[in-house]
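S.K.: The following block contains a protein sequence and its predicted model.
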Amino acid sequence: MTEPFDEKDLEILEQIKNTSAKVSMYPERLRMAQLIAFDQRRLRGDLVISFRIAKYNYANHRELLIFNNDPRLRGHTFKLKKEKFATRQRQYFLFNRIFETWNGLPGDVVNSDSVNSFKNKIDSCLFG
């Protein structure tokens, strides 16, 4: 391998090294700042919106939820029914994204009295 000759090349290599170091330290930085990763924040936000729709018909969108009313199911009363989808876009629709997590939540979390109570319980349940 040849050595870089220009100062500009050295600067570019240094930038690449610094960027890769930041990426590899990302989980450690999140832990130190007591933050959660984007995918976890997104999941939490999706669950909160779903709770508001299921419990309070938030923004009159309750018709988007398809509840599974089968009495043989265990768990909470707001279990979602798995939607069959033909398109890839529908696969990433809000309720298809959270289906397994939502149905796996304990009943006391889903049956919370308020949104803030739900948020507190979801944080302790999912993010420990």
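M.R.: Perfect, thanks for sending it.
S.K.: Now do the phi/psi pair for the spatially most central residue of the chain.
M.R.: Central residue of the chain (CA atoms, centre = their mean): Leu43, 1.4 Å from the mean position. As for Leu43, its main-chain torsions (degrees, to the nearest 10) stand at phi -60, psi -40.
S.K.: got a pLDDT number for it?
M.R.: Per-residue pLDDT puts Leu43 at 92.
S.K.: Phe5 too?
M.R.: Looking at Phe5, its pLDDT stands at 66.
S.K.: same deal with Leu126?
M.R.: 84.
S.K.: ends of stretch 23-34, how far apart?
M.R.: End-to-end span of stretch 23-34 (CA to CA, to the nearest Å): 17 Å.
S.K.: can you list the residues that contact that stretch?
M.R.: Outside stretch 23-34, the residues that touch it by CB atoms under 8 Å, 6 or more residues apart in numbering are 22, 36-37. C-beta coordinates here come from the backbone N, C-alpha and C atoms, glycine included.
S.K.: Of these, just say which sits nearest to Pro71.
M.R.: Proximity of those to Pro71 (CB to CB) peaks at Ile36, which lies at 36.2 Å.
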